[in-house]
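[1] here you go, sequence then predicted model.
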Amino acid sequence: MELVARKADLVRELQFFQQIVERKNTIPILANVLLEASGNEVTLLATDLEVALRSRCEAVVGKPGSATLPAKKLYEVVRALPDGDVNIETDKGGTTVRVSGGQFSSKMPALPREDFPSLPEAGGGAKATIKGKSLAQMVALTQFAITGEDTRYYLNGAQFVLKPDSMTFVATDGHRLALVIVKHEGTKGDDIKAILPRKTLAELGRLLADGDVDVKYERGENHLFFEIGPRLLISRMIDGQFPAYEKVIPRGNDKHVEFERDRLTQAVRRVAILSNERSRAVKMILDKGKVEVTSSSPEFGEAREPIAIEYNGPSLTICFNAQYVLDFLGVVESEVVALELKDEVSQAVMKPVGADGYDYTYVIMPMRV
């Protein structure tokens, strides 16, 4: 294999593979990226057997062929080269690959092409075209609420529901739930449901960060396919039944408070500094015309900060994990957010006020301290 590619093009594509490959594994080939050169391009592939990525990069191919190289080191070498062309060629035996540019030259060991896992192919499943901007927004609004440690494996992802007129993402870790619904047109037939792993959402977020592109989505028997420009993300689906999240969303919260998002963010962040490091608990004491955000811990002392609000209801004290509140405040973009309550022990709901283009509900369980 012999090819010449522009450094900027190669770096742009290789960076997307850095989180795909598994650096700590018992299968060495999974730390490698597969390069396949033919025609006027080189195709790059990597997988951890759960999530895979295929991408393309323009190249002048002198000799078609393939090679697998350590994804991390290849990226670091190419990124460090001077601007211009990058030359990649294999030796006769295919066990060594020379990567060079400018006055720099290196040789890197390659693992056999035959050891690289075969990737599933799309075809025959339900299909849809999704606006990339909407998909990126939905990922950002839900992925932080996915648990990373729960033995209930179906909670280690977000449920994606595609209907003829809407798209829904929902994630929960048992203590909070993030639900976002976006209007969508063009899907025909039955609803499409799938649970997307946490890593898939993270990769979607990265791939969609460049701009607003249409995403071609297809569901296979066991895998999901997201075609985003020249890149194809392939994800194994989480097999399981997602909880009936509709039952978790409270309908009888009769107390409504609105905050300036930045003001609430600053108060919670400051007060949380002196909260218990393990529980991260902060209290919100609602009274007429104000809410007082407080925290206390035997080790660090106590803190409090009042915020003026419009509220004429009964006094009420509710306690939340500060990080859960800050996670919500960090992803919504509206200037005003609402907190809806019933009492000290029931689920509370936080929402952005005046959000354009989506309906977002964040359910958060109060703490008992």
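    Nice, I can see it. Numbers count the residues shown, from 1 in each chain.

[2] so the residue located most distally from the centre of the chain, which of the three states?
    Relative to the centre of the chain, and counting by C-alpha atoms, centre = their mean, the farthest-placed residue is Lys92 at 41.5 Å. Using DSSP: H, G, I helix; E, B strand; the rest coil, the structure places Lys92 in coil.

[3] please apply the same query to the one 5 residues further on.
    When states are read from three-state DSSP, the local structure at Val97 comes out as strand.

[4] quick thing: my sequence starts at 35, can you match it?
    Yes, from this point I'll number from 35; that puts the last item at Val131.

[5] got the contact list for it?
    For Val131, the contact set (C-beta atoms under 8 Å, 6 or more residues apart in numbering) comprises 101, 103, 122-125, 141-144. (Glycine included, C-beta is placed from N, CA and C.)

[6] 10 Å - rerun?
    Counting by C-beta atoms under 10 Å, 6 or more residues apart in numbering, Val131 makes contact with 35, 69, 101-103, 108, 122-125, 140-144.

[7] beta partners of Lys161?
    Under DSSP bridges, the beta-bridge partners of Lys161 are Glu252.

[8] what's the burial count for it?
    16 (other C-beta atoms under 10 Å).

[9] relative to Glu261, how far out is it?
    Distance of Lys161 to Glu261, given as C-beta to C-beta, to the nearest Å: 10 Å.

[10] pull up the overlap in contacts between those two.
    Shared contacts of Lys161 and Glu261 (C-beta under 10 Å, 6+ apart): 250-252.

[11] export these to JSON lines and tack on pLDDT and distance to Ala156?
    Listed next are the shared contacts of Lys161 and Glu261 as JSON lines, based on pLDDT from 0 to 100; distance: C-beta to C-beta, whole Å:
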{"residue": "Lys250", "pLDDT": "92", "distance to Ala156": "9"}
{"residue": "Tyr251", "pLDDT": "90", "distance to Ala156": "10"}
{"residue": "Glu252", "pLDDT": "91", "distance to Ala156": "5"}
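
[12] among those, who's most crowded?
    That'd be Tyr251 among those, by other C-beta under 10 Å, with 24 neighbours.

[13] surely that one meets Phe260?
    Yes: contact criterion C-beta atoms under 10 Å: Tyr251 and Phe260 qualify, at 5.8 Å.

[14] let me see the domain layout of the protein.
    What automatic domain parsing lists as the domains of the chain is 36-149, 161-280, 283-398.

[15] and the most centrally placed residue in the chain, helix, strand or coil?
    Central residue of the chain (C-alpha atoms, centre = their mean): Ala236, 2.7 Å from the mean position. Three-state assignment for Ala236 (three-state DSSP): helix.

[16] that's all I had, so thanks and see you.
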